[in-house]
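# Build me a model:
(one chain, ligands or ions: 1)
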Amino acid sequence: MTDVPKFNKSPWVVHFNCNSCNGCDIEFLACLTPLYDLERFGILHVGNPKHADVLVVTGSVNHRNSRVLKNVYDQMPEPKVVVAMGVCASTGGIFADGYNVLGGVDKVIPVDVFVPGCPARPEAMIDGVLKGAQILEAKHSGKTPLAEKNVITRTPTPVAAPAAQEKGASHA
Ligand code: SF4
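Predicted coordinates for the structure are as follows:
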């Protein structure tokens, strides 16, 4: 996993479903549960782009949603970071050849981190958000991060599942 940096402020994340099948969205919601616990890094999930530093996008861009995506992005204050979550958001994925599909998120707005996978695993998503938060810190300090370092290319080892409930345990 990406080394956990010390943030000068808690990065606030807003999530936008561009045209996803909901697979990546379910995995991202899992990141917010106690099992993966994205908040342990000081990262907060918010619903208003005007409050957010990091925009997480799932799904591919098409002619109908491109204006909405740009509108969400434009409402975020500078500096800001965009994380394309999953192969659809990164390239258009399996929908890339659709008659109405423009491609990945970077066809409309600048993307700082690409997280591959269909769906992306929660561990890779957390890596991507942490990388985005690092880039945000660099932007705050006026440094420009190197683009080639911003692709999460590995699938980290899954987090161990919670212990199964004992057979015959009472639910009373
Ligand atoms: S990358 Fe896969 S799981 Fe994610 S939105 Fe696209 S098709 Fe669905």
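
# For the residue in the chain that the ligand sits nearest to, the count of nearby residues, please.
Nearest to the ligand, among the residues of the chain, is residue 23, at 2.7 Å (Cβ to the nearest ligand atom). Every C-beta, even on glycine, is put in place using the N, C-alpha and C of the backbone. Look at residue 23: counted by other Cβ atoms under 10 Å, it has 16 neighbours.

# give me the element the residue nearest to it when sequence neighbours are not counted is part of.
Nearest residue to residue 23, sequence neighbours excluded (Cβ to Cβ, 6 or more residues apart in numbering): residue 119, at 4.0 Å. Element membership for residue 119, per DSSP states H and E: none, as it lies in no helix or strand.

# what's the spacing between residue 119 and residue 67?
The spacing between residue 119 and residue 67, counted by Cβ to Cβ, to the nearest Å, is 26 Å.

# same check, this time on residue 132
From residue 132 to residue 67 the distance is 24 Å (Cβ to Cβ).

# Those two: which is more packed in?
Per other Cβ under 10 Å, whichever of residue 132 and residue 67 has more neighbours is residue 132, with 27 against 10.

# residues of the host helix or strand of the more buried one that come out buried?
Applying DSSP H and E as the criterion places residue 132 in helix 122-140. By 16 or more other Cβ atoms under 10 Å, the buried positions in helix 122-140 come out as 122-139.

# ok, now stretch 9-24?
For stretch 9-24, by 16+ other Cβ under 10 Å, it's 11-21, 23-24.

# just stretch 104-113 next, same as before
104, 105, 106, 107, 108, 109, 111, 112, 113.

# On the three-state scheme, the nearest residue to the third one once chain neighbours are set aside is what?
On the basis of Cβ to Cβ, 6+ apart, the spatially nearest residue to residue 106 that is not a chain neighbour turns out to be residue 84, at 7.0 Å. Classification of residue 84 by DSSP: H, G, I helix; E, B strand; the rest coil places it in strand.
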